[in-house]
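Asker: Requesting a structural model of the entry that follows:
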Amino acid sequence: MPQTIALHNGLIIDGSGADPLPGATVLVEDTRIVRAGRRLRIPRDARVLDVGGRTIMPSLTDAHVHLGITDLGPETLAAQPLAVWAMKVKQIIEDTLDSGFTTVRDAGGIDGGFAQAVAEGYIRGPRILPSGAMISQTGGHGDWRLRYQDYLHDSIPGLTALPAICDSPEQVRKAAREQLRRGATQIKVMAAGGAMSPTDALATTQLTVEEMAAAVYEARAVGKIVMAHTYSPASIANALAAGVLSIEHGNFLDEPTAARMVILGAYLVPTITTYELIDTFGESYGVPAFNLEKIRLAKQGCFDSLRVALEAGVKIGSGSDLLGPMQPFKTMELSLKARLMGPIGAIVSATRTNAQLFGLADCTGTLEAGKWADAIVVEGSPLENIDLLGDKDNVRLVMKEGAILKDRLEAI
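Answerer: Sure thing, here's the model as predicted:
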């Protein structure tokens, strides 16, 4: 028999951008939402959870995580037992769920085996959309070798997915096919230099249009998309020319490039939080001065590029891109984006817009009949104080496809 649950007597923020609805109920049957609204008829056999006026909203999503980067520095994976590393990943996954996230898109580092472990119930966590190995070039962002090194270490299928270094369209094609074979739900390519890589500059363009187009072709052939690490307008333009629809970071986006994104229907996924936190704490974590210099340069463009995107009408998703000990602060991204987008705009970016980007708009992202019952109950109203979402203790309940995976409603 399907289980019926009523999240009752709450302030509904439905994720669509509509005004909040007080004194409302979300009715769930098995894995799906049946209805959401006021004065609903609740079946006699339903399990009724009175949320006491707290906020009921769609669970959060994050379009750019690195669950496998458990420590800072390129050699940390090799410097510890893989069993210890895997347990750290498990803890990050579970903490992410407890913070209110039920879908995350991993932008490289873990193999799809972790997504399977969550799906089969071995780990409490959000559904994971894995990219597998990031596709980079020799000397590019993702080539973690220092200048004097020729070899670092290889991926371990089923566990780690370290960057694939490719220097031709055919090498990119093979790498993309390999990630898709291993369960990638999208492909990640590097179109620009990176703040945390050891030998390149942010302003560089990386991978040619033809190389990225090979990845786009292979992804589209199986109904998937490509996400591209970018910074400069030139790197964004190259990615767009190759057919990429998910533009990551984009810290130096300009007006003409933003207009092109609108025409093509591309999304921007800003990741402001990572620059804020690494700038503040990176030195204490041992981040080299060369990388901190690049971080601070990238940070300068964060809000300007977001403003340009908003004014142009670009679709804006939400990602955090946090590394190592900074992983628990994923919801800080909403507080930062709210400075320009307002609380409701920031919430929509991390719910409905991300769901559209993931190709899951028919399944999640809003509290609507027929969608997965992905919901959270929050202490207070995030519309009045978006920072409430930054404390996982304020997330009293987490529901994923109708299953209650965190319940602290009575611990008040």
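Asker: mind listing the helices for this protein?
Answerer: Using DSSP state H, the helices assigned to the chain run over residues 82-98, 113-119, 169-181, 209-221, 233-242, 255-264, 272-281, 289-312, 332-348, 354-358.
Asker: For residue 395, find the nearest of those.
Answerer: helix 82-98 (6.9 Å; Cβ to Cβ). The way it works is simple: take the backbone N, C-alpha and C, and place the C-beta from them, glycine included.
Asker: what packs against that closest one?
Answerer: helix 113-119, strand 395-400, strand 403-407 (3 or more Cβ pairs under 8 Å, 6 or more residues apart in numbering; DSSP states H and E).
Asker: Would you indicate which residues of it are buried?
Answerer: By 16 or more other Cβ atoms under 10 Å, the buried positions in helix 82-98 come out as 85-86, 88-90, 92-98.
Asker: circling back to that earlier point, take the helices and strands packed on helix 82-98 and lay them out in CSV including mean pLDDT and mean neighbour count.
Answerer: Putting the helices and strands packed on helix 82-98 into CSV (pLDDT from 0 to 100; neighbours: other Cβ atoms under 10 Å) gives the following:
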stretch, mean pLDDT, mean neighbour count
helix 113-119, 96, 19
strand 395-400, 98, 24
strand 403-407, 97, 17
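Asker: Compare these and give me the one nearest residue 18.
Answerer: Each of those has some distance to residue 18 by Cβ to Cβ; the shortest is strand 395-400, at 20.4 Å.
Asker: which helices and strands does that closest one pack with?
Answerer: The contact analysis (3+ Cβ pairs under 8 Å, 6+ apart) places strand 395-400 against strand 4-12, helix 82-98, strand 101-106, strand 375-378, strand 403-407.
Asker: Would you reformat these as CSV and include distance to residue 128?
Answerer: Formatted as CSV, the helices and strands packed on strand 395-400 follow (distance: least, Cβ to Cβ, whole Å):
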stretch, distance to residue 128
strand 4-12, 24
helix 82-98, 7
strand 101-106, 6
strand 375-378, 18
strand 403-407, 14
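Asker: hmm, back to that, can you list the helices of the chain in a markdown table and add distance to residue 22?
Answerer: Converted to a markdown table, those look like this (distance: least, Cβ to Cβ, whole Å):
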| stretch | distance to residue 22 |
| --- | --- |
| helix 82-98 | 26 |
| helix 113-119 | 34 |
| helix 169-181 | 46 |
| helix 209-221 | 43 |
| helix 233-242 | 42 |
| helix 255-264 | 35 |
| helix 272-281 | 30 |
| helix 289-312 | 29 |
| helix 332-348 | 15 |
| helix 354-358 | 25 |
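Asker: Among the ones you listed, which comes closest to residue 398?
Answerer: Evaluated with Cβ to Cβ, the helices of the chain place helix 82-98 nearest to residue 398, the distance being 6.1 Å.
Asker: Please work out the average pLDDT along that closest one.
Answerer: Across helix 82-98, pLDDT averages out at 96.
Asker: List the neighbours of that helix that are in contact with it.
Answerer: Helix 82-98 has contacts (Cβ atoms under 8 Å, 6 or more residues apart in numbering) with 62, 65, 67-68, 70-71, 77, 104, 110, 114, 118, 123-126, 128, 156, 159-160, 327-328, 330, 392, 395, 398, 400, 405-406.
Asker: Among these, which ones are in strands?
Answerer: Under the assignment DSSP state E, the contacts of helix 82-98 contribute 62, 65, 104, 110, 128, 160, 395, 398, 400, 405-406 to strands.
Asker: Show me which pair in those residues is furthest apart.
Answerer: Pairwise distances across the ones in strands among the contacts of helix 82-98 peak at 29.8 Å for 160 and 395 (criterion: Cβ to Cβ).
Asker: residue farthest from the centroid of this protein?
Answerer: Residue farthest from the centre of the chain, counting by Cα atoms, centre = their mean, is residue 44 at 38.8 Å.
Asker: ok, so what distance separates that one from residue 141?
Answerer: Distance, residue 44 to residue 141, by Cβ to Cβ, to the nearest Å: 58 Å.
Asker: for residue 211, same thing?
Answerer: Look at residue 211 and residue 141: by Cβ to Cβ, they are 14 Å apart.
Asker: When the two are compared, which one has more neighbours?
Answerer: residue 141 (26 against 23; other Cβ atoms under 10 Å).
Asker: how about the nearest residue to the more buried one, chain neighbours excluded?
Answerer: Among residues not flanking residue 141 along the chain, residue 194 sits closest, at 3.0 Å (Cβ to Cβ, 6 or more residues apart in numbering).
Asker: One more: residue 255?
Answerer: Closest residue in space to residue 255, ignoring its immediate chain neighbours: residue 308 at 5.9 Å, by Cβ to Cβ, 6+ apart.
Asker: Could you point out which residue ranges in the stretch 301-412 of the chain have low pLDDT?
Answerer: For the stretch 301-412 of the chain, the stretches flagged by pLDDT under 70 are 411-412.
Asker: rewinding a little: which one, of the helices and strands packed on strand 395-400, ends up nearest to residue 52?
Answerer: Of all the helices and strands packed on strand 395-400, strand 4-12 sits nearest to residue 52, with 6.4 Å by Cβ to Cβ.
Asker: what sits against the spatially closest residue to residue 336 that is not a sequence neighbour?
Answerer: Take residue 336 and drop its neighbours on the chain: the residue closest to it by Cβ to Cβ, 6+ apart is residue 272, 4.4 Å away. Contact analysis of residue 272 by Cβ under 8 Å, 6+ apart lists 302-303, 306, 333, 336-337.
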